[in-house]
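[1] with the sequence up front, the predicted model follows.
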Amino acid sequence: MNHFIEWMPIWFINLLLSVLVGGLIGLEQESYHKNKEQKHIGGIRTFSLISMLGFSTQYFIKNTTFLTAVFISFVCLITAEYIYEAIYYKRKGITTEIAGMLAFIAGIMLASGYAVEAFTVSIFITLILSVKQHLHEFIHKYIGEEDIIAVVKFLIVTVVLYSILPNKSYTSLLINPKSIWLMVVLISSISFVAYFTVKIFGTNKGIMVTAFLGGLISSTAVTLAFSKRSKEKPAISESLSYGIILASIIMFLRQLIIVLILYPRLSEHFAVFAISLFIVGVVIIVVGLGKKEKGVEVQFSNPYELSSALMFGFFYALVLVLSRIANNNFGSAGVYVLGFISGAADVDPITISMSQLSKHSSIPIDVALTTIMIASITNTVFKGILSSIFGTKKLYINVWKAFSILSVVGTIFILYIHFS
């Protein structure tokens, strides 16, 4: 067998490989259109020939002009085929035609010595084509038109801004516009993953599931929604209170993920705080949780909404500037006060700012760590105030019991870091 393979010329082996590259795509197309009556460009034979055409033109002719002419002719051919089928068979979509062009290019890649890359392209094409139906159903079910528009606008602005924003620091405060926008992209992307998860699982799977998923996006939004719901349906106030507690302790894990991405060394210290408070919260929930209730609808805005992203960028830049000013003029005490104030509104900007500043040695790591902890506790207390304003007495008493324990444990950590 080995002697037989050695006897075969290399061009013949590569030609057989080109048949496999195209045939893999064609096999999927053959399978997909087997039970469908609509016309299509071809199956396993056609795609094998397409990749062979690309391979042969590149491997044997070795003339760029001729290769270009053949490719243009091939594109014209499948374009004419598509127009004919669109007119007479009312066929829509050009996925198969694009796959045909890529099969031709894969043949060229194989002839140029990129065998692994050619087969990789072929496998990816086959994979994308095979999940077509499932992908369409998934998008129609979970992704709305407004989500697509928001993502596209965000990506366009990101590409434009990233290309024009200068990558250098300005003033003695070392403000880097490009770095600020990258942080906006990071947080928006983390929030979008959580937002998309909520879209998939929905908010009708039960209070605790809604609280868990919602806490990944905004524990404040969950607190407001659950508190208002408790006045509409006082009988489930207790379950709603534990939902608020769960969403709030998920916030600590979200902060940990952000710190881990930005400055792993800082995350080693913050992990003890975040995980400890999370465990304490879980124990409180397990001990006190009663019967299961239906989910509560919580409205979340798409994190890729341009207005939300720009607002976060502004808030983050402001916190970053104020952090440097506070540290330069008032030392660590000024930074702690800033963490206390900004934490009431949102923990993400101060978490990012402290991670970045400590990473670049602008602020000592223990000051950064303490400030993030202070912001976390402040935000927790602020959510307790919201539950008192918008929720029933039963709800906010339960919430305050848990938040008091979390605040005490958090304060112990803060004092230990500060005085150690």
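    Here it is on my side, so go on.
[2] I'd like the next helix or strand past the lengthiest helix in the chain.
    In the chain, assigned by DSSP state H, the helix with the most residues is helix 306-345. Later in the chain than helix 306-345, the nearest helix or strand by DSSP states H and E is helix 347-359.
[3] give me the contact list for that following helix.
    Helix 347-359 has contacts (CB atoms under 8 Å, 6 or more residues apart in numbering) with 179, 183, 186-187, 251, 255, 258-259, 262-263, 265-266, 312, 315-316, 318-320, 323-324, 327, 338-339, 342-343, 363-365, 367-369, 371-372, 375-376, 379. All C-beta spots, glycine's among them, are computed from the backbone N, C-alpha and C.
[4] of those, just the buried ones, ChimeraX syntax please.
    Listed next is the ChimeraX selection for buried residues among these, using 16 or more other CB atoms under 10 Å:
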select :179,183,187,251,255,258,259,262,263,266,312,315,316,319,320,323,324,327,338,339,342,343,363,365,367,368,369,371,372,375,376,379
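[5] beyond the helix or strand encompassing residue 183, next helix or strand please.
    Element membership for residue 183, per DSSP H and E: helix 177-201. Per DSSP H and E, helix 177-201 leads on to helix 207-217 as the next helix or strand towards the C-terminus.
[6] dump that following helix to PDB, restricted to CA.
    Output of helix 207-217 as PDB, limited to C-alpha atoms (Å, rounded to 0.1, in the frame of the first residue of the first chain):
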ATOM      1  CA  ILE A 207     -38.100  33.800  40.400                       C
ATOM      2  CA  MET A 208     -34.700  32.400  41.300                       C
ATOM      3  CA  VAL A 209     -33.800  31.600  37.600                       C
ATOM      4  CA  THR A 210     -34.900  35.100  36.600                       C
ATOM      5  CA  ALA A 211     -32.900  36.600  39.500                       C
ATOM      6  CA  PHE A 212     -29.700  34.600  38.600                       C
ATOM      7  CA  LEU A 213     -29.800  35.600  34.900                       C
ATOM      8  CA  GLY A 214     -30.900  39.100  35.700                       C
ATOM      9  CA  GLY A 215     -28.100  39.500  38.200                       C
ATOM     10  CA  LEU A 216     -25.600  38.900  35.400                       C
ATOM     11  CA  ILE A 217     -26.900  42.000  33.700                       C
END
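[7] what's the closest non-adjacent residue to residue 123?
    residue 24 (7.0 Å; CB to CB, 6 or more residues apart in numbering).
[8] any idea of the pLDDT on that neighbour?
    On pLDDT, residue 24 comes in at 86.
[9] by contact count, what packs against the host helix or strand of it?
    Under the criterion of DSSP H and E, residue 24 resides in helix 10-33. Judged by 3 or more CB pairs under 8 Å, 6 or more residues apart in numbering; DSSP states H and E, helix 10-33 is in contact with helix 44-56, helix 95-111, helix 115-130.
[10] just send those helices back as JSON lines, with mean neighbour count, mean pLDDT and distance to residue 401 too.
    Output for these, formatted as JSON lines (neighbours: other CB atoms under 10 Å; pLDDT from 0 to 100; distance: least, CB to CB, whole Å):
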{"stretch": "helix 44-56", "mean neighbour count": "23", "mean pLDDT": "88", "distance to residue 401": "66"}
{"stretch": "helix 95-111", "mean neighbour count": "23", "mean pLDDT": "87", "distance to residue 401": "57"}
{"stretch": "helix 115-130", "mean neighbour count": "16", "mean pLDDT": "86", "distance to residue 401": "51"}
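[11] out of these, nearest to residue 239?
    Closest approach to residue 239 among these is made by helix 115-130 (43.0 Å; CB to CB).
[12] what sits up against that closest one?
    The contact list for helix 115-130, computed with CB under 8 Å, 6+ apart, reads 14, 17, 20-22, 24-25, 27-29, 32, 51, 95, 99, 102-103, 105-107, 109-110.
[13] could I get the pLDDT score of residue 135?
    For residue 135, the pLDDT comes out at 69.
[14] tell me where the model's unsure across the stretch 101-250 of the chain.
    For the stretch 101-250 of the chain, the stretches with pLDDT under 70 are 135-136, 138-139, 141-147, 150, 162, 169, 171-174, 187, 190-206.
[15] I meant to write the stretch 251-400 of the chain there.
    The low-confidence ranges in the stretch 251-400 of the chain, as defined by pLDDT under 70, are 290-306, 308.
[16] please redo it, this time with the cut-off set to 80
    Applying pLDDT under 80 to the stretch 251-400 of the chain flags residues 288-313, 315-316, 320, 324, 327-328, 345.
[17] any idea how far residue 76 is from residue 99?
    According to CB to CB, to the nearest Å, residue 99 stands 17 Å off from residue 76.
[18] okay, residue 53 and residue 110: tell me how far apart.
    12 Å.
[19] where's the longest helix of the chain relative to the chain centroid, distance-wise?
    From the chain centre to the centre of helix 306-345 is a distance of 25 Å (CA atoms, centre = their mean, to the nearest Å).
[20] quick one, that helix and helix 347-359 angle?
    80 degrees (axes from the mean of the first three to the mean of the last three CA atoms, to 10 degrees).
[21] perfect, I'm done here.
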